[in-house]
Every structure is written in C-alpha cells, then in structure tokens.
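Engineer: Build me a model:
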Amino acid sequence: MFTTNPFAAVADSLPASAMQVFVVLMALAVLLGTVLDMVHKGSATYFFANWRKSRGKGAPVDVASIAVKTVVVDVLASGEFCNPRRRVAHLLTMYGFILYLVTTAIMVFGYPTTATPTPTPVVQLWWLGGLMVLAGGYWFWFFIRVDVAAEGSSPLRLMRADLFILSLLASVTLGLLWAGLQGSGSAAAGVVFGLYILATIVLFGGVYWSKFAHMFFKPAAAFEKRVSKASGVYANLPLQTRDDPAQRERHSMELLRDAPMDMGLGIKREAPRHY
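Structural biologist: Predicted coordinates:
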C-alpha cells in the first residue's frame with residue numbers, strides 16, 4: 001500500500017491521460033480563481049498603488065535583504081503567527097500540502113501506468129505529505145481555531161471562510177483512504193475515488209470563494225509592509241505615537257485622543273494563543 005502508485009491503477013479503467021488532464025484542469029482553476037479573486041478584491045491594485053506611493057520616500061532601504069527576510073521569515077517560517085502551536089500546525093499543513101502536490105504531479109505525469117514502476121520513495125513521500133496535512137489541519141480545526149479555542153463555539157460550526165480548510169481535509173483524507181482501499185483490493189475503492197475527485201474539484205475550483213488565493217498575494221503584501229516599515233513610510237499603518245495631531249484626530253472618541261499609549265494594554269497579560 002505504501003509502495004504502490006495509486007494513480008497508475010486508474011489507467012486500468014480510464015485512459016492513461018485522464019488523471020493528467022484532470023490535474024491540468026485543476027491548475028487552471030487555481031489560476032483563474034486567483035486572478036478573479038485579485039480583481040474582485042483589488043489586491044494587486046492596492047499593492048501596486050502603495051508601492052508607487054512609498055517608492056522613493058523615506059530612508060533608503062536594502063530591498064534585496066528585505067526580500068530574503070520576507071521569504072525566510074514570512075513565507076518559509078510563517079513568522080506572522082505569534083502562537084507557536086498555530087505556527088506549527090500551519091507549517092505542517094503547508095509543507096505537507098506542497099509535498100503532497102509535488103509527488104502527485106510526479107506520479108500522475110511521470111508514472112501514469114503500472115507499466116513504469118514508480119520509485120518507492122515518491123509514493124512514501126506522497127503518504128507523508130498527506131499525513132502531515134491531516135495532522136496540521138485537524139489539529140487546527142478542532143483545537144486552535146479562534147472561534148473554538150477562544151469563543152467556545154462548536155467545532156462543527158461551519159462558515160464560508162472554512163471552505164478551504166474543509167475541502168483540503170476532505171480531499172486529502174479521501175485520497176489517502178482511497179489509496180488504502182485500493183491497495184487492499186476493497187470494492188469500496190471506486191466509490192471513495194469518486195468522492196475524492198469531487199472534494200478535489202471543490203478545493204481547487206472554489207479558490208474564488210475560499211482563502212486559497214491569499215497564499216499567492218500574502219508574500220507580496222508582507223514584502224511591501226517590510227519595505228514601508230524599514231523606510232519609515234508606514235503605508236496606511238497608524239504610528240505608535242499620539243504626538244502626531246493627525247493620529248489624535250483619527251479617533252472618534254474624545255477619551256482616546258489624549259489617552260496614554262499604554263492604555264488598554266492589560267490584554268497583553270494573556271499569551272497570544274489565537275493568531
């Protein structure tokens with residue numbers, strides 16, 4: 001089971017190119033959904049407008065070193081998460097998903113039939129990636145989600161924002177279950193395979209309505225924020241002082257206009273568990 005390419009066996013009942021065409025269609029769905037999401041939310045417009053506004057202003061910055069720091073801290077290490085558990089769950093899911101996708105593509109395009117044996121490490125890495133997704137995803141869903149951990153809501157409470165994580169967990173769970181059933185020769189493998197395909201279509205076809213697209217824009221936004229902070233421009237970010245009259249007047253409550261900067265910081269006595 002852990003050494004057999006499950007996608008190669010599909011060629012026994014479908015054309016060898018069927019899974020390849022499906023993977024290409026899913027990639028195109030992600031591309032289209034991401035573009036539509038960026039157009040709808042104006043993400044790219046906002047980014048480039050802020051970049052043009054801040055370019056050439058403030059102190060000179062080393063753009064190359066900031067780019068490297070953005071990749072290492074914000075992208076590879078998910079440095080935006082203060083909660084160590086949340087960061088570990090995110091990294092498990094992210095790297096597991098990448099490993100799962102890459103090995104799926106290798107098996108589907110490189111070894112589409114049983115005529116060409118798939119290297120065992122590739123199959124085992126596919127299983128490892130899938131299990132990492134399940135470990136990080138279910139840990140987040142049942143124990144770390146802010147409305148569950150902080151607000152006491154039921155883990156079964158569903159919202160539109162949950163589309164990505166739920167479809168991801170459904171797709172990977174059904175994929176591993178299908179591979180296991182197929183390896184054992186179970187008659188239920190065909191039914192589970194159909195559900196797996198359906199969940200995968202929801203995952204990649206629902207990019208426009210889920211949080212999937214944000215992973216492509218987040219690195220650019222993190223980079224622009226680092227450049228703005230390093231140069232002192234602070235694009236659309238409130239200054240950490242009320243000495244600036246503009247910052248005092250932005251508050252609608254008279255109390256906050258002359259309040260000390262440490263007012264209300266009692267919340268910091270609680271460890272950052274949720275984000």
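
Engineer: In stretch 68-78, which residues are buried?
Structural biologist: Buried residues in stretch 68-78, counted by 16 or more other Cβ atoms under 10 Å: 69, 70, 74, 78. (C-beta placed from N, C-alpha, C; glycine too.)

Engineer: Next, the last one: phi, psi?
Structural biologist: Phi and psi for residue 78, reported as degrees, to the nearest 10, are phi 50, psi 50.

Engineer: show me what contacts it?
Structural biologist: Contact analysis of residue 78 by Cβ atoms under 8 Å, 6 or more residues apart in numbering lists 87, 90, 91, 94.

Engineer: any chance you could map the helices in the stretch 151-275 of the chain?
Structural biologist: Remark: helices assigned in the stretch 151-275 of the chain by DSSP state H, counting those that start in this stretch are 163-183, 189-205, 214-231, 245-249, 254-257.

Engineer: Throw those into JSON lines and include mean pLDDT, thanks.
Structural biologist: Formatted as JSON lines, the helices of the stretch 151-275 of the chain follow (pLDDT from 0 to 100):
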{"stretch": "helix 163-183", "mean pLDDT": "95"}
{"stretch": "helix 189-205", "mean pLDDT": "96"}
{"stretch": "helix 214-231", "mean pLDDT": "77"}
{"stretch": "helix 245-249", "mean pLDDT": "64"}
{"stretch": "helix 254-257", "mean pLDDT": "62"}
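
Engineer: Same list (those helices) but as TSV, adding distance to residue 28 and mean neighbour count.
Structural biologist: TSV is the format used below for those (distance: least, Cβ to Cβ, whole Å; neighbours: other Cβ atoms under 10 Å):
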stretch	distance to residue 28	mean neighbour count
helix 163-183	17	20
helix 189-205	9	18
helix 214-231	15	17
helix 245-249	46	11
helix 254-257	49	11
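
Engineer: Including distance to residue 13, could those helices go into JSON lines?
Structural biologist: Listed next are the helices of the stretch 151-275 of the chain as JSON lines, based on distance: least, Cβ to Cβ, whole Å:
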{"stretch": "helix 163-183", "distance to residue 13": "11"}
{"stretch": "helix 189-205", "distance to residue 13": "8"}
{"stretch": "helix 214-231", "distance to residue 13": "34"}
{"stretch": "helix 245-249", "distance to residue 13": "66"}
{"stretch": "helix 254-257", "distance to residue 13": "67"}
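
Engineer: out of those helices, nearest to residue 98?
Structural biologist: Closest approach to residue 98 among these (Cβ to Cβ): helix 214-231, 10.5 Å.

Engineer: Keeping just the C-alphas, turn that closest one into CSV.
Structural biologist: Output in CSV follows, covering the C-alpha atoms of helix 214-231 (Å, rounded to 0.1, in the frame of the first residue of the first chain):
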residue,chain,number,x,y,z
HIS,A,214,-4.4,34.6,-0.3
MET,A,215,-1.3,32.4,-0.2
PHE,A,216,-0.2,33.9,-3.5
PHE,A,217,-0.7,37.5,-2.5
LYS,A,218,0.5,37.3,1.1
PRO,A,219,4.3,37.2,0.3
ALA,A,220,3.9,40.4,-1.8
ALA,A,221,1.9,42.1,0.9
ALA,A,222,4.5,41.1,3.6
PHE,A,223,7.3,42.4,1.4
GLU,A,224,5.6,45.8,0.8
LYS,A,225,4.9,46.1,4.6
ARG,A,226,8.5,45.4,5.5
VAL,A,227,9.8,47.9,3.0
SER,A,228,7.4,50.6,4.2
LYS,A,229,8.3,50.0,7.8
ALA,A,230,12.1,49.9,7.1
SER,A,231,11.9,53.2,5.1
